[in-house]
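Enquirer: this one's structure only:
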């Protein structure tokens, strides 16, 4: 992965940091911003069970000619009892899936201070943003009476939710559910309906997503699973940027001026 790719990935990660963070990070966090600490204190009803784990994701895709492509990734995940999150993402080598010795990017999400960081360990640079400082620029206003209106899409049927009971995963009791969604014929140019299923297992304690399995004919099957789970409090320094990093502040996106009449 080249430097330009790392830079783009850092920006994208920061843009979603705190909302997504990681596929299995069940992070219910306060918005942060200038009132980040106060918001964190007001969210006492949220279970912030501390943990650390290895998040292993395996995607298997079968092509039309029968070729099978398997991709594996590793992310080390840390969460403290205040809701801070750290994700260390490792590149993996070929079919062996062996991870590199060091992560290629590290994301830190701090809802208490209301900030997020994206760190590049290879050149010791970091990007910082404050939550609530960015605004999304609205797209162009739709033109009424367009000569070529977009065709109406077929109605989407309601997803079916199936509860799977409980089981022990990583020594924790977990509740499971499976959601099945049908994309009707023609919605995406498909000549027949497509079925997409997502199965998740969430711990009763801490609301940690321990396993997620999705099956999508467009992308294959992806299984994401936490392993080596520990419920010990992670060291506080994991959620700080060390002095040997050069930190650059990401500038907020300015709101465009409203068009004059």
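Expert: Perfect, thanks for sending it. If you're wondering where the values come from, they're calculated on a predicted model, not measured in any experiment. Residues are numbered from 1 along each chain as shown.
Enquirer: who's the nearest residue to residue 211 once chain neighbours are set aside bridged to?
Expert: Spatial nearest neighbour of residue 211, excluding adjacent residues (Cβ to Cβ, 6 or more residues apart in numbering): residue 201 at 4.2 Å. Glycine gets a C-beta too; all of them are placed from N, C-alpha and C. Here residue 201 sits in beta bridges with residue 176, residue 211, going by DSSP bridges.
Enquirer: so who does residue 201 touch?
Expert: 164, 167, 169, 174, 175, 176, 209, 210, 211, 212 (Cβ atoms under 8 Å, 6 or more residues apart in numbering).
Enquirer: immediately after the worst-scoring helix or strand of the chain on mean pLDDT, which helix or strand?
Expert: In the chain, no helix or strand scores lower on mean pLDDT, DSSP states H and E than helix 36-42, which sits at a mean of 37. For helix 36-42, the following helix or strand on the C-terminal side (DSSP states H and E) is strand 51-62.
Enquirer: If you count neighbours, what's buried in that next one?
Expert: Of all the residues in strand 51-62, those buried under the rule 16 or more other Cβ atoms under 10 Å are 51, 52, 53, 54, 55, 56, 57, 59, 61.
Enquirer: Give me the helices and strands touching the helix or strand following it, please.
Expert: Per DSSP H and E, the first helix or strand lying C-terminal to strand 51-62 is strand 68-79. Packing partners of strand 68-79 (3 or more Cβ pairs under 8 Å, 6 or more residues apart in numbering; DSSP states H and E): strand 51-62, strand 85-90, strand 92-93.
Enquirer: So in that sheet, which strands flank strand 68-79, and in what orientation?
Expert: For strand 68-79, pairing defined by DSSP bridges yields strand 51-62 (antiparallel), strand 85-90 (antiparallel).
Enquirer: Same list (the ones you listed) but as TSV, adding distance to residue 193 and mean pLDDT.
Expert: Converted to TSV, the strands paired with strand 68-79 look like this (distance: least, Cβ to Cβ, whole Å; pLDDT from 0 to 100):
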stretch	distance to residue 193	mean pLDDT
strand 51-62	19	94
strand 85-90	35	95
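Enquirer: so can I have TSV of those strands showing distance to residue 160?
Expert: Below are these laid out as TSV (distance: least, Cβ to Cβ, whole Å):
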stretch	distance to residue 160
strand 51-62	24
strand 85-90	32
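Enquirer: out of these, nearest to residue 158?
Expert: Proximity to residue 158 (Cβ to Cβ) singles out strand 51-62 among those, at 27.3 Å.
Enquirer: Give me the residues contacting the closest one.
Expert: Residues outside strand 51-62 that contact it (Cβ under 8 Å, 6+ apart): 22-25, 68-79, 97, 170, 206, 208, 219-232, 234.
Enquirer: Could you check the pLDDT of the residue nearest to residue 211?
Expert: Reported pLDDT at residue 201 in the predicted model: 97.
Enquirer: repeat for residue 29
Expert: Per-residue pLDDT puts residue 29 at 34.
Enquirer: Run through the strands of the stretch 51-200 of the chain in chain order.
Expert: Along the stretch 51-200 of the chain, counting by DSSP state E, counting those that start in this stretch, strands occupy 51-62, 68-79, 85-90, 92-93, 98-99, 105-110, 115-120, 125-130, 160-169, 172-183, 194-203.
Enquirer: mind listing what's buried in stretch 229-241?
Expert: For stretch 229-241, the neighbour count (16+ other Cβ under 10 Å) marks 229, 231, 234, 238, 239, 241 as buried.
Enquirer: of those, closest to residue 117?
Expert: residue 241 (5.5 Å).
Enquirer: tell me the SS of that closest one?
Expert: Recorded secondary structure, residue 241: coil (DSSP: H, G, I helix; E, B strand; the rest coil).
Enquirer: Against residue 242, how distant is residue 119?
Expert: Distance of residue 119 to residue 242, given as Cβ to Cβ, to the nearest Å: 9 Å.
Enquirer: More neighbours: which of the two?
Expert: Legend: neighbour count by other Cβ atoms under 10 Å for residue 119 and residue 242, higher for residue 119 (23 against 9).
Enquirer: Thanks a lot, see you next time.
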